[in-house]
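A.B. asks: Whatever this is, show me its structure:
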Amino acid sequence: MIELKNEKIAIPVVLFAGLLWSFGPLVVRYMDSPDMVPWQYIFGRGLTIFILLNLYLYFEEGLNFYKNYKKIGRSGIIGGCGLGVAMISFIYSITNTSAAITLLCLAAMPFFTAILAYLFLKEKISVNVWISILIATIGIIIMAIGNTEKNSLIGFLFGISSSIGFSIFSVSLRWRKETPKFTTVAVAGLFCFIFATLMILITQQPFFSTSYNSSMFSLHGVLVCLGLILYSIGSKAIPAAELTLLSLTEVIGGIFWVWLPLFGINEIPSTNTIVGGFFLFISLIYYSLIMRWNKRYIALN
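C.D. replies: Residues are numbered from 1 along each chain as shown. Model (predicted):
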């Protein structure tokens, strides 16, 4: 696998990864009635992720790439299922509330990860981290109070569920660090594919939406895969603090694209979302500074 050791080169690579991910909400908004075909979306996106990541692993490792599945263990299965739940919750969140709410819920992932690691891995949480979690909680509560429109609170709850699912994935990687990360993500794609297949069969729906929607489902899967690959390539050269801040490009970009009149969505965040998001960003910056002092490094590979 390609590794970048020069931070000056790695930073724009990771920024570009976040930029790719930020187009996800815009792709969903361009779909035709995505709330009517959630399982078809999950089916198409999951299959795309599974195929592309396995192709990437094949070109990186040759025919022996399948051996990664033998090393996955319980941590990989739990992490893959957690990530799969996050992907499923994402579509139900963003189709029931604003893209800003969904993305800001995902931005709270570092704090959910810290709490889960404390509960299940016995990792200690410093006073400073508790302070950042408290600030983030205030922001989340403010956003929740502002979700008074029909189904908007449901979307918010699914956004939190998605964030927790991603946190389960992160904690599973800490639980057993030798777990092959990309293979775990591929398992998440397979989980979505299988679960969506069962739901489609149970509800007797067609497996595919329109050709236009199907292309949008696959496009979103491609953006996720490309972002993961670039993020992994650049992440080893960047401290966790910078990675946390750089990951905000996904949140900020995603909110900006659906607001920008050029793209025709014109989705303006509510006052509560802006205020709650401000608290969340402050907590993330504070958290990132703490991580910088600890000089920890993280990576997806």
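
A.B. asks: Residue ranges in the stretch 201-301 of the chain under the pLDDT threshold?
C.D. replies: Within the stretch 201-301 of the chain, the segments meeting pLDDT under 70 span 235-245, 288, 291-301.

A.B. asks: Now with 90, please.
C.D. replies: 207-210, 224-225, 227-256, 259-301 (pLDDT under 90).

A.B. asks: residue ranges of the helices in this protein, please?
C.D. replies: For the chain, the helices defined by DSSP state H occupy 7-22, 24-30, 38-61, 73-94, 99-107, 109-120, 127-145, 152-175, 181-203, 211-235, 240-246, 248-259, 271-294.

A.B. asks: most packed of these?
C.D. replies: helix 99-107 (a mean of 27; mean count of other CB atoms under 10 Å). Any C-beta I mention is one placed from the backbone N, CA and C, and that applies to glycine too.

A.B. asks: Just the CA coordinates for it, please, in CSV.
C.D. replies: Extracted C-alpha coordinates of helix 99-107, given in CSV (Å, rounded to 0.1, in the frame of the first residue of the first chain):
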residue,chain,number,x,y,z
ALA,A,99,-28.1,17.5,5.7
ALA,A,100,-26.6,19.8,8.3
ILE,A,101,-28.2,17.9,11.2
THR,A,102,-27.0,14.6,9.8
LEU,A,103,-23.4,15.7,9.3
LEU,A,104,-23.1,17.5,12.6
CYS,A,105,-24.3,14.3,14.3
LEU,A,106,-21.5,12.4,12.5
ALA,A,107,-19.1,15.1,13.7
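
A.B. asks: re earlier: out of the helices of the chain, nearest to residue 67?
C.D. replies: With CB to CB as the measure, helix 38-61 is the member of those nearest residue 67 (8.4 Å).

A.B. asks: What helices and strands are in contact with that closest one?
C.D. replies: helix 73-94, helix 181-203, helix 211-235 (3 or more CB pairs under 8 Å, 6 or more residues apart in numbering; DSSP states H and E).

A.B. asks: Could you work out which of the ones you listed reaches nearest to residue 174?
C.D. replies: It is, among the helices and strands packed on helix 38-61 and with distance given as CB to CB, helix 73-94, at 9.0 Å.

A.B. asks: Could you check the angle that closest one makes with helix 181-203?
C.D. replies: 60 degrees (axes from the mean of the first three to the mean of the last three CA atoms, to 10 degrees).

A.B. asks: any weak-confidence spans in the stretch 1-150 of the chain?
C.D. replies: Looking at the stretch 1-150 of the chain by pLDDT under 90, you get 1-18, 33, 35, 56-57, 59-76, 79, 97-101, 103-137, 139-150.
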